[in-house]
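**Student:** Okay, predicted coordinates and the sequence, questions at the end:
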Amino acid sequence: MFKNYLKIACRNLWRSKVFSTINIAGLAIGMASAVLILLWIQNEISHDKFHEKSDRLYTVNNRDKFNGEFWAWATTPAVMAPVLKMNYASDIEDAVRVTGNSFLLTVGDKRLNVQGSFADTGFLNMFSFPLVKGNKAQALKENYNIVITEKLAKKLFGNDEAVGKSILIDSVDHFTVSAILKDLPNNTIFNFEYLLPWSYREKVNSPDLNWQNNSIQTYLLLKPGVSKEAFDQKIKNITIDHTANSGSPSTTQVFTQLFKEQWLYSKSENGKYVGGRIEQVKQFAIIASFILLIACINFMNLSTARSEKRAREVGVRKVVGAQKSWLVMQFIFESILLAFLSAILALIIVEVSLPAFNDLVGKTLYIDFSNYIFWLTAVGFILFTGVLAGSYPAFYLSSFQPVKVLKGTFKAAHALVTPRKILVVLQFSFAIALIICTIIVKHQIKYAQGRDSGYVKDKLLYTFLQGDNEKNYELIRNELLSSGAAVSVTKSMSPITQRWSDGWGYTWDGSKPGDNKIDFIRFASDADFVKTMGVQLVEGRDIDIRKYPSDSNAVLLNETAVNVMRLKNPIGTVIREEGGSQHWNVIGVIKDFVFESPYQKVQQLMVCGPSAWFNVIHYKLNAAMPTDKALALAKGIFEKYNPQYVYDYHFVDEGYAQKFSQEKRIGTLIGLFAGLTIFISCLGLFGLAAYMAQNRIKEIGVRKVLGASVTSIASLLSKDFLKLVLISFVIASPIAWYFMNSWLQRYNYRINIEWWVFALTGLLSALIAVITVSYQAIKAAVANPVKSLRSE
């Protein structure tokens, strides 16, 4: 029976080459698209689920009310982990702290500045990052131990044995390699190439006992059987209790989140994590499903369109005794065979396109052909696709009545509404909706990119204060200015494109109860902030510690901060920090500028004087000097005063452009899959047009004999398809508007969805449909009627 099925299926595929080619191509592209999306989804949902103890691993979070709203965040005080471990020993198996660092690593003449982390001793036992060499329990026990990844070991030591070797950190301390860590997988939230003991951090910086300095991550391993809900109730007020007798009591509550959920659920609403990346995962899962469905619809439509071609075959088979179930099996088998051939082509497409797709999504995705789960999944995917695509045609074709078929009285239905027309409308509705979404996403990105950032990004650079940069800052600054490489220089707390610090607990004359819960973004400058950044000074003056030594306690406020604080005459206002002696004197007001997301409203900002801390040097290159020459001068100056470090610089405009990367990625992906969806739909439309022209060949011949023009015949064949596309547009437009309007609500700075988006999409979809169908229509219209009417 199987041999017979295979033989008949191969004959039918070979006999209808155009049909087979269109179906295989359409299914292959649909399957390849779905596989690429599913690879990305699999990577997203598998984040940090590979840890053996993932069901007991938790991230400690804070929750408090700021600016009238509850917020949740995942940074905690450094003192919290040891206190939790000591006070809740019956619930906690271990507690570790993690925070990032970036040191210069030197081995001989090799110098690398790479991303690392400080971690407590139990980190490697808590998380399942396997060691290639070394002992997990001992690797981070000594102050001067360092654990490095295989990739970093290769960079520093080549093929030599790395364990036991020495690495110079920041040109200050020598560390011994205690273990080699297998390179981190691409589905973990952690990002480091080496680990240093937490004890070394405390040795260098002294232990941080401030319960209100939320600056590190705390992870807990709860003991088996411990309830998260019950444990959260126990630790809820730990920060409140430890600050109750301080000058600035906290209202921050503490709770835990399952660590493996942190990647997908990081969006805070009313102090709870309710969404985040999981929303994108769901959206692209829907897109993958619809793309595969559209490819299957092609098969259904083309199979049922050829019904008259196979009707006689079905009739003969039934007369000689074939059961309907046998015929269903025959057609399903043909569909699965076609899905198998399509899957082979799809795998080739995936392998060829994966490098470009990885660049687009910023990941390293791959197919593990050695994993049996992949092959089981592949077989299931092929069977599912084959059955989905072939089920309707199988039952449709097998239901023909042999008497009507063999008498020649069977004709395919030409009703106003048919399943085939419904499927075409479904295809194009989804494709048109994706086109509308693509246009709106692109328009929103362009709108945000056109927003005035509030500062001048051109030729503005920053370099981190590492090594001797801080000690020699004044020398570096003076030489950058005297050489003409830069026209202004300022120290700051962070890059102007990144938020590194924020704080609350401030009072001022006229402040009200509750104002101490206003959260301010914090920035810092020593001098020339306005000149270097190109921000606009609204009133007062800039910070200048050289000219005004008292500016160590000076502060600039942005316009939003002035409005939030209700200051009518802000200059001279004294801002006090609760529970401390620190106070800030307002000396100037600057115009709002985009510090964080260009899609959101500007938040209240404080630019503090040198009493704050500094991490970055910003400098404005001389516009009168070629950029490469200015950079060469700056390189020589930085390396002169900080010889152990390679000169590293970052253009602010590039950092600002990164703020659009996520939306650009989404827009590009939606646009890509919209294009593929349209292409697959047009393949089906092309095939349907070809079969319609073939079935109406005699009608066309008669019309030509009676004087019909080529244009009128082409229009006759095209208008039915154009009607279906227009119906699809009417269905897709409100659906796309609803979803995109909901998507836009997440942005404060957003576009209005305008009528031209739908007009453009309708025009494009109609044009695409006409171009697709017109070839077959014109081909049929110009055919010689003598050939089509010869049998009459």
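**Tutor:** Nice, I can see it. Being a predicted model, the structure only gives us computed values, none of them experimental.
**Student:** Helices along the stretch 351-500 of the chain, start to end?
**Tutor:** For the stretch 351-500 of the chain, helices defined by DSSP state H, counting those that start in this stretch occupy the ranges 372-398, 402-407, 419-449, 473-482.
**Student:** separation between the residue most central in space within the chain and residue 72?
**Tutor:** The centroid of the chain falls nearest to residue 662 when counting by C-alpha atoms, centre = their mean (5.3 Å). According to C-beta to C-beta, to the nearest Å, residue 662 stands 21 Å off from residue 72. Backbone N, C-alpha and C define where each C-beta goes, glycine included.
**Student:** next one: residue 298
**Tutor:** Counting by C-beta to C-beta, the gap from residue 298 to residue 72 is 46 Å.
**Student:** How much space separates the nearest residue to residue 157 once chain neighbours are set aside from residue 681?
**Tutor:** Excluding its sequence neighbours, the residue lying closest to residue 157 (C-beta to C-beta, 6 or more residues apart in numbering) is residue 165, at 6.2 Å. Residue 165 sits 60 Å away from residue 681 when distances are taken as C-beta to C-beta.
**Student:** What of residue 597?
**Tutor:** For residue 597, the distance to residue 681 - C-beta to C-beta - is 36 Å.
**Student:** Show me which of those two is the more surrounded one.
**Tutor:** Regarding residue 597 and residue 681, a neighbour count based on other C-beta atoms under 10 Å identifies residue 681 as having more, with 29 against 18.
**Student:** Touching, the more buried one and residue 428? I think so.
**Tutor:** Yes - at 5.7 Å, residue 681 counts as touching residue 428 under the criterion of C-beta atoms under 8 Å.
**Student:** list the contacts for the closest residue to residue 511 other than its chain neighbours?
**Tutor:** Distances taken as C-beta to C-beta, 6+ apart place residue 565 nearest to residue 511, at 7.2 Å, with adjacent residues excluded. Applying C-beta atoms under 8 Å, 6 or more residues apart in numbering to residue 565 gives the contacts 508, 511, 515, 518, 557, 573, 604.
**Student:** which of those residues count as buried?
**Tutor:** Buried members of these, scored by 16 or more other C-beta atoms under 10 Å, are 508, 511, 515, 518, 557, 573, 604.
**Student:** Make a markdown table out of the residues you listed and add secondary structure and distance to residue 446.
**Tutor:** Below are the buried ones among the contacts of residue 565 laid out as a markdown table (DSSP: H, G, I helix; E, B strand; the rest coil; distance: C-beta to C-beta, whole Å):
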| residue | secondary structure | distance to residue 446 |
| --- | --- | --- |
| 508 | strand | 40 |
| 511 | coil | 41 |
| 515 | helix | 38 |
| 518 | coil | 33 |
| 557 | strand | 31 |
| 573 | coil | 39 |
| 604 | coil | 28 |
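**Student:** now, among those, which is nearest to residue 96?
**Tutor:** Each of these was scored against residue 96 by C-beta to C-beta, and residue 518 proved nearest at 33.0 Å.
**Student:** Could you list which residues are in contact with the closest one?
**Tutor:** 66-67, 504, 506, 564-565, 604.
**Student:** can you do 7 Å?
**Tutor:** With contact set as C-beta atoms under 7 Å, 6 or more residues apart in numbering, residue 518 has these partners: 66-67, 504, 564, 604.
**Student:** do the same with residue 92
**Tutor:** Counting by C-beta under 7 Å, 6+ apart, residue 92 has contacts 84-85, 220, 222-223.
**Student:** Check residue 595 too.
**Tutor:** Shown in contact with residue 595 (C-beta under 7 Å, 6+ apart): 499, 521, 605.
**Student:** Swap in 10 Å and give it another go.
**Tutor:** 453-455, 494, 496-499, 521, 523, 558, 602-603, 605 (C-beta atoms under 10 Å, 6 or more residues apart in numbering).
**Student:** from those, which ones fall inside strands?
**Tutor:** The strands, defined by DSSP state E, take in 521, 523, 558, 605 from the contacts of residue 595.
**Student:** of all those, which comes closest to residue 379?
**Tutor:** residue 521 (53.9 Å).
**Student:** before we move on, the earlier item: what helix or strand is the residue nearest to the centre of the chain located in?
**Tutor:** Using DSSP states H and E, residue 662 sits within helix 661-695.
**Student:** After that helix, which helix or strand is next?
**Tutor:** Following helix 661-695 in sequence, per DSSP H and E, is helix 697-705.
**Student:** Extract the C-alpha trace of that following helix and format it as CSV.
**Tutor:** Extracted C-alpha coordinates of helix 697-705, given in CSV (Å, rounded to 0.1, in the frame of the first residue of the first chain):
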residue,chain,number,x,y,z
ILE,A,697,-9.6,28.9,-21.7
LYS,A,698,-12.6,28.1,-23.9
GLU,A,699,-14.6,31.0,-22.4
ILE,A,700,-11.7,33.3,-23.2
GLY,A,701,-11.5,31.9,-26.8
VAL,A,702,-15.2,32.5,-27.4
ARG,A,703,-14.9,36.1,-26.0
LYS,A,704,-12.0,36.8,-28.3
VAL,A,705,-13.8,35.5,-31.3
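**Student:** Done for today, thanks.
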